[in-house]
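Enquirer: pasting the structure only:
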C-alpha cells in the first residue's frame, strides 16, 4: 500500500491529546488481544457478492472449506458491520450441523460458533449468508461516487481491505498468516464492469432478475484475505501484453482511457523487469490497474487487481505535470513490486516494514531502469532518505520492526519509519552486499517461502547465505532499535597518510544526549586524490570508536565520508575537514548526492545545536550558483524549516529578502519558458524556484504570475501543467475575493482530478483572514471529496492559517471523526496543523509540560517534540540570525 494509516482507536487517543493542546497524559492501552486459534483453518472460500449500486447495500453468501486440526466444539472467525444468517456446518458425511449458540463480539470483531457436538479432526464446510452496507468510509466494501458521461451521479462498489477490513465484506479468518484460495462470484448489472483478482471464467443470466448476471472468476492462488479485491462500476480500459506474456489492463473512468496509456507503458515494462530481477515469473495470468474516484490511500497492491487514486494512475498529456508523471511511475512500480515481495510471503503485521520498505526501495530501482532521465536515485535522498532521518531523529521515534499485537496497532505503524527508513536501510544493505549477491539472496528467499509465511529473519538468513556476511547481526542493529547514529569525524596527518578518528552516538534533533546505542555501520570514504566516485576504503564499524588510516592522502586533500549518501547516518565533520570540502562543493567537483548530503547533515547539526545557524546561512550563500534540482530541494527543505522557525519573529521580512537573493541567479538562468527537449529535472527545478520566489514575494515573479494566471483564466494562453502549481500558489498568496472566485471556477470546471488537487491545495497559500475562513468552509463542502478535504485545510502552511486551522479543527472535530472513522486522513490533518512553528500562546504550555512518548512519530506528540526544539533553537540562535540577516541589508 502506497501510504500509511491509523486506526480509529488511536485516532481517538490522538485527538484527545491534540484537543488538550499536547497534554502529558499517555495514550490509552489497547485491550488485550489474542490471535485466532489455529485448530480450525480455512483452506478455500467460495464467495458470492451482490452489491446494490442504487441502495448502496450488498448481500452475499459463502461456503468455506475447513481443515480441523484438533477436535473442537467452537469455530471463531472475524466479522464486522455484517448481519450474518443461515450459518451451517456441513460434515464430510453430508450431515448439516446448526450451531447451538452464535456469539457476536463487536469489541473483538469476531463471531464464535458453539456446536452441539465436537468436530473431529479432518475436514468440514462452513456455510452462511450475510448482508451489509456499501459504506462511505473508504474501507471494507464501500461506495465510490462518480459522474456518468450523461451527468448522472452514480456509485461504484470497491474494496479496500488492508489491514483488517476484509471482515467488513465477508466473514473470514482475517489475519495475513491464515492464507487460503478464493473463488469469487459477483451478481451485477449487465451494464457494469465486474473485476476481481483473477480472470473471468464464466458469465450467465441471474435466474431471478434478467437485468443482472452472475460473473465467476478463476480460483486464486493461496493468499491472505487483505489481498482479495472486488470492483463493480463503469470503466473503460486500455490493454497490452508484457514481453513475458502477461495481459495488462488499465481501467479508467468512461471516456478517459487515453489517460491510462502512461501507466500501461510503465506496468508492461515493470513486470518483465521484476521477473528478471527476482528470477521468478509473475504468478497470476493477468494484471489489472484501476483508477478509483474515492480512495483513502495512494494505491493498494491487491493481487492481480491493483487499485489507485485517480491522481496516482491517470496521465493527461496536456494537463499532467512532470512531477506527477514521475510520481505515477513510482507508485505503479511500488505496487507491482508487492506482487512478488509481500503478497507471496506475509505472516503478521510485525513484518509490515519489510514489505513496504522493500517495495519503496525497489520502486526506485525499476524507475531508474525505465526512466534514467529522472535521476531518481538522487531524488530518493531528498524524498525518502532525508524524510526518514528527520522523523527518526525525534525522541519518540520507534524501531523499524515493531511487535504488533492488537489489530489497533496495525495501522499505527503505517508511517514513514516503515516506508522511508525501511527503504533507506535496505538501500544501505544492497550497497553493502552488492547488487549481484543481493539479487541471489532475494531469489533464494522468495523461492523458498512463496505462498507461505515468513519473518524478517528469514530474509536475513537468505542474504547471509548468498553473501557470507553477518547480515542478521548488521540489520538487527538497524531494525530493532530506535534512531540512527551520528558519526563524528576528526583527522590528523601521519606522514603521507590521513588518520581519522570516528565515534558513533545516537543523533537526536534537539541535540540532547541519550542512552548509549550502537549500530553496525557500513562506512566508506572517498578523497580528492582518487576522485569523489572512487571509494578508497570501506569498513564495518561495530564499536563506539574506531580509527581508520587512509594511505597516501596528503594534508591538503579533502576526505568525504559516506560517498553517495548511502549510509543511514549523519556525519559531523570537524571544522577543518568541512573547510576543505567547501571548495569541492561550490565548484561542483563533488557529485550532487554528496553536495546535498553534506549540506543536509550540516543543516541537521545546526538544528540540533551542534553548529551555528549562521554557518548554514553562509553555506546557502555559497550554493547560489548550484544548478541541480535535488540539491536545491535539500536547500529548500532547510529554508522551509527556518521559515517556520522565524514566521512569528519581527525579522522574518529580512529572512524573506535573504531567500529572494539566494534564488535570484537560478531563476534568471531558468526563466519561465522551458527549452526544447529540456532536462526532466530542470523542469522540476523551475517549478520549485518559481514557487519559492512567489511565496517570498519577489515582485517580478508575483507580477508575471498574475499576468499568466489572468491569461490562463481568460483562455487566451493556457498555462503549461508544470507552471500551474507555482502560479496558483503565488496568486493565492496575494489573493483578493475576485482571485479566490476565479480559482473556485477553475476548480469547478476541471475534469481531471490532478487539476482539482492542484487548485484546491493552492488555496491554503492565502494570508487573508476572511479568505482563510472561506477555504476552510469550502474544504468541508459537498464540492470536495472526503479524501481531499484534509489537504485543503492546509491553510496551516501560513502563520495566520495555522491558528485558523487549529480553531476550525477544535470546532469541527466531531464531524471529522464521524466522516473518517479510519484515522489515516484525520491524522494527516492533525499533522498539518501542528507541525509548524509555535504560536506564542503555546510557548508556556511547552515550558510546563512534557511531550508524550508515542510508538509512531506522526502523532501530535512528535510534532510537539519538533515545536519544543524549534523553540529552543530560536532561543539559542535567534539573536545571531537576526544580526546576520540585518547586516546584509
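Expert: Thanks, I have it. Being a predicted model, the structure only gives us computed values, none of them experimental.
Enquirer: so which bits of stretch 424-442 are buried?
Expert: Residues 424-433, 437-442 are the ones in stretch 424-442 that count as buried (16 or more other CB atoms under 10 Å). C-betas here are computed from N, CA, C, even on glycine.
Enquirer: so what pLDDT did residue 25 get?
Expert: Looking at residue 25, its pLDDT is 39.
Enquirer: cool, residue 814 as well?
Expert: Predicted confidence (pLDDT) for residue 814: 81.
Enquirer: burial count for residue 551?
Expert: Counted with other CB atoms under 10 Å, the neighbours of residue 551 add up to 11.
Enquirer: excluding sequence neighbours, find me the nearest residue to it.
Expert: Once flanking residues are discounted, residue 551 sits nearest to residue 497: 5.3 Å by CB to CB, 6 or more residues apart in numbering.
Enquirer: isn't the one you found right next to residue 554, touching?
Expert: No - with contacts counted by CB atoms under 8 Å, residue 497 stays clear of residue 554, the gap being 9.3 Å.
Enquirer: how many neighbours does residue 63 have?
Expert: Neighbours of residue 63 using other CB under 10 Å come to 16.
Enquirer: now do the SS call for it.
Expert: The three-state label given to residue 63 by DSSP: H, G, I helix; E, B strand; the rest coil is strand.
Enquirer: list the beta-bridge partners for it.
Expert: Beta-bridge partners for residue 63, by DSSP bridges, are residue 46, residue 127.
Enquirer: thought residue 46 was touching it, still the case?
Expert: Yes - contact criterion CB under 8 Å: residue 63 and residue 46 qualify, at 4.7 Å.
Enquirer: and stretch 507-515, end to end?
Expert: The first and final residues of stretch 507-515 sit 11 Å from each other (CA to CA, to the nearest Å).
Enquirer: ranges for the helices of the stretch 1-150 of the chain?
Expert: In the stretch 1-150 of the chain, the segments counted as helices under DSSP state H, counting those that start in this stretch are 8-19.
Enquirer: show me the shaky parts of the protein.
Expert: 1-32, 406-414, 794-797, 821-828, 831-867 (pLDDT under 70).
Enquirer: try it again at 80.
Expert: 1-33, 342-352, 403-416, 451-454, 514-516, 794-799, 802, 813, 817-870, 889 (pLDDT under 80).
Enquirer: check the offset of stretch 368-381 from the chain's centre.
Expert: 18 Å (CA atoms, centre = their mean, to the nearest Å).
Enquirer: now the terminal residues of that stretch, how far apart.
Expert: Termini of stretch 368-381 sit 14 Å apart (CA to CA).
Enquirer: what residues of it count as buried?
Expert: Neighbour count says stretch 368-381 has 368, 370-371, 374-381 buried, by 16+ other CB under 10 Å.
Enquirer: now do stretch 770-778
Expert: Going by 16+ other CB under 10 Å, stretch 770-778 has these buried residues: 771-772, 774-776, 778.
Enquirer: how about stretch 267-286?
Expert: 267-275, 277-278, 280, 282, 284, 286.
Enquirer: which one of those residues is nearest to residue 241?
Expert: residue 268 (7.3 Å; CB to CB).
Enquirer: Three-state assignment for that closest one, please.
Expert: Per three-state DSSP, residue 268 ends up helix.
Enquirer: swap in residue 548?
Expert: Residue 548 ends up strand, using three-state DSSP.
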